[in-house]
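**Student:** Sequence and predicted model, in that order:
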Amino acid sequence: AVAGLHGSVDPHAKAPSIPVMGVPVMNGLTLLDQLVTSIDHPIHKLVLVHNLDDGQPNAEVCAWTARMKKSPPNHVKQVSVVTYRENLGCAAAWNTIMLQNQQSPWWLIVNADVSFRPGTLRTIASHVWAGLLASTPGGRDPVCNWLFHGWSAFALANRALHRVGTFDENFWPAYSEDCDYQAR
């Protein structure tokens, strides 16, 4: 999947960095490399959540995530790796990204098979920061989440965690936790 945006944001304007981008790591190193290579905008912290799964190339993925942590890719200030001994599911990985980085004003969460067209991350950052700064009468911003490619690439404001809570981990290993969250 390739995430892209169309909008009225000036593509040449400098956008603030993305505070946290989180990726539930799947076991396809080619796709992960494509994702990392497509990062062309500053990201303060890249969080990789690796749910170990029987029969998968876990040793290779662990070695790859260790390399990322030791030597962050271009445009990434810091890489954090969280490894679970078993597959806790997609919702648990998303919750880990948010709960271990609660100080972040927002999180960009992307599937491991997403790669970004040039300038897309800057556009995402511009849209989300603009949405967070916007206010309605009474000072309440109605926007808490942004879907950039369905639930393959989405941003959640920190206030969403406080208003809606975490993703329901009873939807395991994946599918429908996003529908539940959107409905709530």
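**Tutor:** Cool, the structure landed. Numbers count the residues shown, from 1 in each chain.

**Student:** Which helix or strand contains the residue most central in space within the chain?
**Tutor:** Taking CA atoms, centre = their mean, the centroid of the chain lies closest to Ile109, which sits 1.6 Å from it. Using DSSP states H and E, Ile109 maps to strand 106-110.

**Student:** Pull the residues that contact that strand.
**Tutor:** Taking contacts as CB atoms under 8 Å, 6 or more residues apart in numbering, the residues outside strand 106-110 that touch it are 3, 18-24, 35, 94, 97-98, 101, 121, 124, 128, 132, 152-158. Yep, even glycine has a C-beta here, placed from its N, CA and C like the rest.

**Student:** tell me the mean pLDDT for it?
**Tutor:** For strand 106-110, the mean per-residue pLDDT is 95.

**Student:** continuing past that strand, what's the next helix or strand?
**Tutor:** strand 115-116.

**Student:** next helix or strand past that following strand?
**Tutor:** helix 120-133.

**Student:** For that next one, buried residues please.
**Tutor:** Thr120, Leu121, Arg122, Thr123, Ile124, Ala125, Ser126, His127, Val128, Trp129, Gly131, Leu132 (16 or more other CB atoms under 10 Å).

**Student:** circling back to that earlier point, name the nearest residue to the residue nearest to the centre of the chain, sequence neighbours excluded.
**Tutor:** In space, and not counting its chain neighbours, Ile109 is closest to Gly22: 4.8 Å by CB to CB, 6 or more residues apart in numbering.

**Student:** Likewise for Gln56?
**Tutor:** Spatial nearest neighbour of Gln56, excluding adjacent residues (CB to CB, 6+ apart): Asn27 at 4.0 Å.

**Student:** In a helix, that neighbour, correct?
**Tutor:** No: Asn27 is assigned coil when assessed by DSSP: H, G, I helix; E, B strand; the rest coil, not a helix.

**Student:** From Gly89, how far off is it?
**Tutor:** Using CB to CB, to the nearest Å, one gets 15 Å for the distance from Asn27 to Gly89.

**Student:** Which of the two has more residues huddled nearby?
**Tutor:** Ranked by neighbour count (other CB atoms under 10 Å), Asn27 and Gly89 place Gly89 first, with 21 against 18.

**Student:** Tell me which residues are up against stretch 84-94.
**Tutor:** Contacts of stretch 84-94 (CB under 8 Å, 6+ apart): 22, 24, 49-53, 109, 166-169, 171-175, 177.

**Student:** and whichever helix or strand Pro24 is part of, which strands flank it?
**Tutor:** Using DSSP H and E, Pro24 falls within strand 18-25. Next to strand 18-25 in the sheet, as set by DSSP bridges, lie strand 43-51 (parallel), strand 106-110 (parallel).
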